[in-house]
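# Would you be able to build a 3D model of this:
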Amino acid sequence: MEEPGAMRVDDVVAVIVGRLADQHRVVPEYIVRDAVEAALRRRSGDTGPVPADVAEELINGFCAGAAGAEDDAATMPAVLSGDETGRLMTVLGLAVHVAAFNLDRDRLHVAQILNGAAAALVAIGSAARAAHADGTSAVLLSPVTLRTVRTTVIGVLQGLRDRGWQARHLDQEGTAALFGGVLDMLGAVPPTG
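Presented below is the predicted three-dimensional model:
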């Protein structure tokens with residue numbers, strides 16, 4: 001007998017994909033489905049109807065960190081030098097590199113990092129082109145882009161430190177120092193609110 005309030009896996013996946021999309025975090029449905037089914041198999045060995053409390057736990061767990069969109073309309077952009085912009089682009093490229101090597105380990109987390117890195121690289125590239133067109137080396141980045149970079153970098157560090165990601169092909173200390181340096185730099189950017 002099915003528990004009242006139980007959800008189908010398809011419904012759990014749809015809720016997760018929808019909540020992530022509301023937060024501008026686009027993750028392919030098949031990756032969310034794989035992650036939900038793996039979590040259910042680890043938990044009970046069954047991917048049948050999901051009890052309401054388990055469904056809520058999965059939804060909240062997969063959407064953790066997806067804070068509501070903030071209003072940046074009245075917020076001034078941060079001004080970065082060409083060197084700082086280059087550091088952001090370098091760390092985002094390295095984030096993609098590390099994440100890609102761990103795709104089979106943690107598909108949902110990797111997909112979020114790849115999506116964040118892609119969005120940030122597009123925004124940074126556009127801002128750098130605008131600075132070049134204006135004849136300045138000052139690159140203006142929105143608070144949303146800075147949050148995306150922070151979230152992406154923190155996600156990679158979590159993968160390396162807490163999720164068992166492999167990065168043996170890289171200098172672990174150097175990689176962590178590069179990520180930490182960018183996080184420090186972003187912390188030094190004047191508050192955006």
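
# Quick check: buried residues in the helix or strand of the chain with the lowest mean pLDDT?
Lowest mean confidence among the helices and strands of the chain (mean pLDDT, DSSP states H and E): helix 29-44, at a mean of 79. For helix 29-44, burial by neighbour count (16 or more other CB atoms under 10 Å) applies to Ile31, Val32, Arg33, Ala35, Val36, Ala39, Leu40. Where you see a C-beta, it was placed from the backbone N, CA and C, and this is true even at glycine.

# Mind putting these into CSV with distance to Ala78?
Output for the buried residues of helix 29-44, formatted as CSV (distance: CB to CB, whole Å):
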residue, distance to Ala78
Ile31, 31
Val32, 32
Arg33, 37
Ala35, 33
Val36, 37
Ala39, 37
Leu40, 42
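
# Among those, which pair sits farthest apart?
Ile31 and Leu40 (15.1 Å; CB to CB).

# mind listing what's buried in the longest helix along the chain?
Assignment by DSSP state H gives helix 107-134 as the longest helix of the chain. Judged by neighbour count (16+ other CB under 10 Å), helix 107-134 contains these buried residues: 107-117, 119-121, 123-124, 127-128, 131.

# where does Arg163 land on pLDDT?
On pLDDT, Arg163 comes in at 82.

# For it, give its distance to Phe62.
14 Å (CB to CB, to the nearest Å).

# which of the two has more neighbours?
Phe62 (24 against 14; other CB atoms under 10 Å).

# Can you tell me, leaving aside adjacent residues, what's nearest to that one?
Distances taken as CB to CB, 6 or more residues apart in numbering put Ile16 closest to Phe62, at 4.9 Å, once the chain neighbours are dropped.

# Likewise for Met7?
In space, Met7 is closest to Ala55, 4.4 Å off (CB to CB, 6+ apart).

# and if you look at Leu108?
That would be Ala35: by CB to CB, 6+ apart, it lies 4.0 Å from Leu108.

# With Gly155 instead?
Closest to Gly155 by CB to CB, 6+ apart is Ile113, at 4.7 Å.
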